[in-house]
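[1] Take a look and give me a structure for this.
(2 chains)
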There are 2 protein chains.
Amino acid sequence: MKGLYFVTDRDLCGTKPLEDVVSQSVRGGAACVQLREKNLSTRAFVEEARRIKKILEPFGVPLIINDRIDVALAVKAEGVHVGQDDMPYQIARALMGPNAIIGLSVETWEDVEDAERFDVNYLGVSPVFETPTKADTKGSWGLEGLAKIKAFSRHPLVAIGGLNPGNAGDVVLAGADSVAVVSAICAAPDPFAVSRNLHEIIAGALKERVDRR
Amino acid sequence: MKGLYFVTDRDLCGTKPLEDVVSQSVRGGAACVQLREKNLSTRAFVEEARRIKKILEPFGVPLIINDRIDVALAVKAEGVHVGQDDMPYQIARALMGPNAIIGLSVETWEDVEDAERFDVNYLGVSPVFETPTKADTKGSWGLEGLAKIKAFSRHPLVAIGGLNPGNAGDVVLAGADSVAVVSAICAAPDPFAVSRNLHEIIAGALKERVDRR
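    Reported below is the predicted structural model:
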């Protein structure tokens, strides 16, 4: 997992159809899209996931479903993202198979230590900064927390929470391999332009990190 | 699918732990239990389903999960019940396998006709009578509607909606093979006694239906 990671939030998209925002994000350079829906019926979620998958396929961008393994299996999504209140990681792996991309949110240091024994594809470091998008978290990691996890964990890190073009570079330099963005893309008047900008900032910072070594 | 079918509703159980109510319903004669949860996290739903499954196993009573195939797969439940807004039936069958019990709710005549081409294990005739438990339906079938479906469909019928000891017998005589009960058990001061009463009424009416032929 590397680069710009777009996480959807239909409520933040306003009048823009979600499909359009997803399409613009991947044309702008998003390397991964996570579909997050908390209020749709299973039927509507499956239908939407199928539409989004068709948009992503020509770009070779993987579709990750938040929490709902039934929906992921129904549309043959490339992966799922699970939080600490979602499906336990090992059951998610058993159901999705060895080739699926499975990300796991870590909200506490105990979560980070626990995750070392799992073959997760990435850790979602959540949240890096305070954010109104997700209010049920246990405090934010900050750049220091992110750097501490990077030094400790063997897993790729996806940073999430309050991330935008103003802090994406710092987050990568602190240790994030991928930067997950919700509102900065969904709520933008021009999701394509913001995504392209984020993509360039992240790529630049990843290169700078390599050069520094 | 035959006999008493208990469908859970934790909000209606009041101060009684859901596990106790389930235990009492099967000791009273419930032949099937459907776990319906709309507000739990996936993790909490899985943990509860695991506890309920352990209660049912000694009785040989199958556990049916409402809507959530991920939860059903996680705990190896015997089946799922899907409504018209849930996972499409054919995907549910593909994910659950040929031996799973899969029930499908029918709310319109079109749903009944559609279901003839599916190898469902039963149709949930929903609702037979108006009920405050589920407000999002498209009108009730009544005993006449139930009899009409019985005459048309090749599938076993589970009646649901407003059913209790006062009408369970009539519902069986009209064509239901199984009677699904929610509030009459959940809200009862003595779920065991009500379940035993329902079990006897249903068994009696099933026998009477056979004798009449």
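[2] got any ranges where chain A has weak pLDDT?
    Chain A contains residues with pLDDT under 70 at A:132-137.
[3] ranges for the strands of it?
    Counting by DSSP state E, chain A has strands at residues A:3-7, A:32-35, A:63-66, A:79-82, A:101-106, A:122-125, A:157-160, A:178-181.
[4] Could you figure out how far the fifth one is turned away from strand A:3-7?
    Between the direction of strand A:101-106 and that of strand A:3-7, the angle (axes from the mean of the first three to the mean of the last three C-alpha atoms, to 10 degrees) works out to 80 degrees.
[5] and strand A:101-106, which strands flank it?
    strand A:79-82 (parallel), strand A:122-125 (parallel) (DSSP bridges).
[6] picking up where we left off before, kindly reformat the strands of chain A as a markdown table containing mean neighbour count.
    C-beta: built from backbone N, CA, C; applies to glycine. Shown next, in a markdown table, are the strands of chain A (neighbours: other C-beta atoms under 10 Å in any protein chain shown):
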| stretch | mean neighbour count |
| --- | --- |
| strand A:3-7 | 27 |
| strand A:32-35 | 26 |
| strand A:63-66 | 25 |
| strand A:79-82 | 27 |
| strand A:101-106 | 23 |
| strand A:122-125 | 26 |
| strand A:157-160 | 28 |
| strand A:178-181 | 27 |
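[7] can you put those strands in TSV and add distance to B:Ser195?
    Below are those laid out as TSV (distance: least, C-beta to C-beta, whole Å):
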stretch	distance to B:Ser195
strand A:3-7	46
strand A:32-35	42
strand A:63-66	38
strand A:79-82	37
strand A:101-106	41
strand A:122-125	45
strand A:157-160	47
strand A:178-181	49
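[8] Distance-wise, check the spatially closest residue to A:Val33 that is not a sequence neighbour relative to chain B.
    Closest residue to A:Val33 in three dimensions, ignoring its sequence neighbours and counting by C-beta to C-beta, 6 or more residues apart in numbering or on different chains: A:Phe6, at 5.0 Å. Here A:Phe6 is placed at a distance of 23 Å from chain B (C-beta to the nearest C-beta, to the nearest Å).
[9] cool, and A:Val194?
    A:Val194 is 31 Å from chain B, by C-beta to the nearest C-beta.
[10] out of everything not next to it in sequence, what's closest to that residue?
    A:Ala188 (4.3 Å).
[11] A:Leu18 too?
    A:Leu18 sits nearest to A:Arg10 (C-beta to C-beta, 6+ apart), 5.0 Å away.
[12] Give me the number of neighbouring residues for the one you found.
    Neighbourhood size, A:Arg10 [other C-beta atoms under 10 Å in any protein chain shown]: 18.
[13] Would you confirm that it contacts A:Ala44?
    No - using C-beta atoms under 8 Å, A:Arg10 is not in contact with A:Ala44; the gap is 10.9 Å.
[14] Close to chain B: what parts of chain A are there?
    A:41-44, A:46, A:67-70, A:73-74, A:84-88, A:91, A:95 (C-beta under 8 Å from any C-beta of the partner chain).
[15] Of those residues, which count as buried by neighbour count?
    Neighbour-count burial (16 or more other C-beta atoms under 10 Å in any protein chain shown) is assigned, among the residues of chain A next to chain B, to A:42-43, A:46, A:67-70, A:73-74, A:84, A:86-88, A:91, A:95.
[16] top helix in chain A by residue count?
    helix A:191-212 (DSSP state H).
[17] Just the CA trace of that one, in PDB.
    Output in PDB follows, covering the C-alpha atoms of helix A:191-212 (Å, rounded to 0.1, in the frame of the first residue of the first chain):
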ATOM      1  CA  PRO A 191     -11.800  16.400  -6.500                       C
ATOM      2  CA  PHE A 192      -9.600  15.700  -9.500                       C
ATOM      3  CA  ALA A 193      -7.300  18.700  -8.900                       C
ATOM      4  CA  VAL A 194      -7.000  18.000  -5.100                       C
ATOM      5  CA  SER A 195      -6.200  14.300  -5.800                       C
ATOM      6  CA  ARG A 196      -3.600  15.200  -8.300                       C
ATOM      7  CA  ASN A 197      -2.100  17.700  -5.900                       C
ATOM      8  CA  LEU A 198      -2.100  15.200  -3.100                       C
ATOM      9  CA  HIS A 199      -0.600  12.500  -5.300                       C
ATOM     10  CA  GLU A 200       2.300  14.700  -6.200                       C
ATOM     11  CA  ILE A 201       2.900  15.800  -2.700                       C
ATOM     12  CA  ILE A 202       2.900  12.200  -1.400                       C
ATOM     13  CA  ALA A 203       5.100  11.000  -4.300                       C
ATOM     14  CA  GLY A 204       7.600  13.800  -3.600                       C
ATOM     15  CA  ALA A 205       7.700  13.100   0.100                       C
ATOM     16  CA  LEU A 206       8.100   9.300  -0.500                       C
ATOM     17  CA  LYS A 207      11.100  10.100  -2.700                       C
ATOM     18  CA  GLU A 208      12.500  12.500  -0.200                       C
ATOM     19  CA  ARG A 209      12.300   9.800   2.500                       C
ATOM     20  CA  VAL A 210      14.200   7.400   0.300                       C
ATOM     21  CA  ASP A 211      16.900  10.100  -0.500                       C
ATOM     22  CA  ARG A 212      17.400  10.800   3.200                       C
END
